[in-house]
Each structure stands twice: as C-alpha cells, then as structure tokens.
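Asks: coords please:
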Amino acid sequence: MKIANYLEAVAQTNYNVMPIVIFDIIFPIIIGLLVRLPKFIMDVKENITFTFDWVKFSVFAIPTLFVLITFFLSFSGYIIAPHFIIIGSVRLVTICGFILGYFILDSLKPYQTQYSGI
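Replies: Presented below is the predicted three-dimensional model:
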C-alpha cells in the first residue's frame, strides 16, 4: 500500500486526485484477475478451447463496469454521480473492481461441442 500512500501525499501537495481515483479503480480489477488466474492457467495447460460467456459477462461485469465508469467520470467533472457512489466510493469501487476483474476471466468458458444423441 506504499503506492496508495504515495499517491495520497502527491494529491495533497498538488490538489490532483485523479491518480488516486485511477489507482482505486485499477488495483481491485488486477486483484480480481489474479484471484481467477490459477484456474485459468490450469484450463490453458489442458489445451482447452475457449468461448466467451456473454450472459455471465453482461449480468455481472457490465453493471460493475458502469459503476466504475460513473465513479471515474464523477471525479473528472463530466457527470454528477449518484449519492451512493460518492458516499460509499471506496467500498463500492473496490467490490465492483474485484467483481469485474474476476468475471473477465471467468467469462472465458471451455468450448463444448454438442453432439446429436442418435
């Protein structure tokens, strides 16, 4: 967490919070990817062909991506964020970032051929 402390110190000196906001968004996504990475590596080692599960991605990842984009745009000044995103920003963004990172790799599912049962 030295990086977060450094970014907070820099933000206090030059009044620029965007590096902290970007770090708060990117860091949980990377952690979510790292949590799902061992299973993904095992699947890759088994030479499994992958397909993308759009339903899982659109149900879990797209809403969390919307929250993260709203959080970013609210600090950049383009939109006024809803009250729950500003007040619960640290917890909500951390949870949404983790879920997004996890489901990016989890949406890659093994491709299964379907044979007719004749």
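Asks: any idea which helix or strand carries the nearest residue to C96 once chain neighbours are set aside?
Replies: With Cβ to Cβ, 6 or more residues apart in numbering as the criterion, C96 has its nearest non-adjacent residue at 4.0 Å, and that residue is T64. All C-beta spots, glycine's among them, are computed from the backbone N, C-alpha and C. For T64, the host element (DSSP states H and E) is helix 62-76.
Asks: packing partners for that helix?
Replies: Helices and strands touching helix 62-76, by 3 or more Cβ pairs under 8 Å, 6 or more residues apart in numbering; DSSP states H and E, are helix 18-45, helix 83-87, helix 89-106.
Asks: Extract the residue ranges of the protein that are flagged as low pLDDT.
Replies: 1, 81-89, 112-118 (pLDDT under 70).
Asks: secondary structure element for N16?
Replies: N16 belongs to no helix or strand, assigned by DSSP H and E.
Asks: Return the residues in contact with it.
Replies: With contact taken as Cβ atoms under 8 Å, 6 or more residues apart in numbering, N16 is in contact with V10.
Asks: quick one, phi psi at it?
Replies: phi -120, psi 110 (degrees, to the nearest 10).
Asks: Tell me the buried residues in the helix holding T64?
Replies: 64-65, 67-68, 70-72, 74-75 (16 or more other Cβ atoms under 10 Å).
Asks: thinking C96 is in contact with F72, fair?
Replies: No. At 11.5 Å, C96 does not count as touching F72 under the criterion of Cβ atoms under 8 Å.
Asks: coming back round to it: for the helix holding T64, C-alpha coordinates in PDB please.
Replies: Taking C-alpha atoms only, helix 62-76 is exported to PDB below (Å, rounded to 0.1, in the frame of the first residue of the first chain):
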ATOM      1  CA  ILE A  62     -21.200  -4.700 -17.300                       C
ATOM      2  CA  PRO A  63     -23.100  -3.300 -14.300                       C
ATOM      3  CA  THR A  64     -19.800  -3.200 -12.300                       C
ATOM      4  CA  LEU A  65     -18.100  -1.500 -15.200                       C
ATOM      5  CA  PHE A  66     -20.900   1.100 -15.300                       C
ATOM      6  CA  VAL A  67     -20.300   1.900 -11.600                       C
ATOM      7  CA  LEU A  68     -16.600   2.200 -12.200                       C
ATOM      8  CA  ILE A  69     -17.000   4.500 -15.200                       C
ATOM      9  CA  THR A  70     -19.600   6.600 -13.200                       C
ATOM     10  CA  PHE A  71     -17.100   6.900 -10.300                       C
ATOM     11  CA  PHE A  72     -14.300   8.000 -12.700                       C
ATOM     12  CA  LEU A  73     -16.500  10.500 -14.600                       C
ATOM     13  CA  SER A  74     -17.800  12.000 -11.400                       C
ATOM     14  CA  PHE A  75     -14.300  12.900 -10.300                       C
ATOM     15  CA  SER A  76     -13.300  14.100 -13.700                       C
END
